[in-house]
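Novice: predicted model follows, preceded by the sequence.
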Amino acid sequence: MQIDTKYFGEVEINEADQVVFRQGLPGFLDEKAFILLNFDQQAIFQVLQSTQTPGLAFIVVDPFKFVSDYQLELDDQMVEHLEINEEKDVLVMSIVTLNDAVKTSTANLKAPIVINQVKGLAKQYIQPASDYTTKELIFTGLREKGEG
């Protein structure tokens, strides 16, 4: 399947690799189907690209690669919604805001994207009780959890 993308022009994707947000994303409720594309060769950054709207794409990272003590506990409703059977099936991504000075770029650790890689289901999960914010520095020594 061919799609137009924000960062890569037209690309060929495997339709089975799409992830579906049954309820859309906050602010984009009509956008349900996305694909993860590697933004760089090291796959540090990825692009969560809408398969419907070429201009809708989010830069995402694995928060566990940037925050050594990052914790995420899914409630039963989220586990059921995503049909999660095993922890290894889960991929967690945080939306990044890239700034001109890359070292000041931030990630949304409060509301990560949780993906069931086996079922192809995804949802943005707003952690109800969390010390994390929506704008955590990712390159310059993130604050220790519980500070600030």
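Specialist: Happy to help now that I have it.

Novice: for the rest of this, base every contact and every neighbour count on C-alpha atoms.
Specialist: Will do.

Novice: so what's the nearest residue to Ile84 once chain neighbours are set aside up against?
Specialist: Ranked by Cα to Cα, 6 or more residues apart in numbering and with sequence neighbours excluded, the top spatial neighbour of Ile84 is Asn116, at 6.3 Å. Taking Cα atoms under 8 Å, 6 or more residues apart in numbering, we find Asn116 in contact with Leu82, Glu83, Ile84, Asp89, Val90, Leu91, Ala122.

Novice: quickly list what Asn116 is bridged to.
Specialist: Val90, Leu121 (DSSP bridges).

Novice: where do the helices of the chain begin and end?
Specialist: 76-81 (DSSP state H).

Novice: and the residue nearest the centre of it?
Specialist: Nearest to the geometric centre of the chain sits Met93, at 3.2 Å (Cα atoms, centre = their mean).

Novice: sorry, back to before: I'd like to know which of the contacts of Asn116 are buried.
Specialist: Neighbour counting by 16 or more other Cα atoms under 10 Å classes Leu82, Ile84, Val90, Ala122 among the contacts of Asn116 as buried.

Novice: so what's the residue count around the closest residue in space to Asn85 that isn't next to it in sequence?
Specialist: Of all residues not flanking Asn85 in the chain, Val79 sits nearest, at 8.0 Å (Cα to Cα, 6+ apart). Val79 has 17 neighbouring residues, counting by other Cα atoms under 10 Å.

Novice: one more: Ile138?
Specialist: For Ile138, using other Cα under 10 Å, the count is 23.

Novice: contact partners for it?
Specialist: The contact partners of Ile138, taken as Cα under 8 Å, 6+ apart, are Phe66, Val67, Lys103, Thr104, Ser105, Thr106, Ala107.
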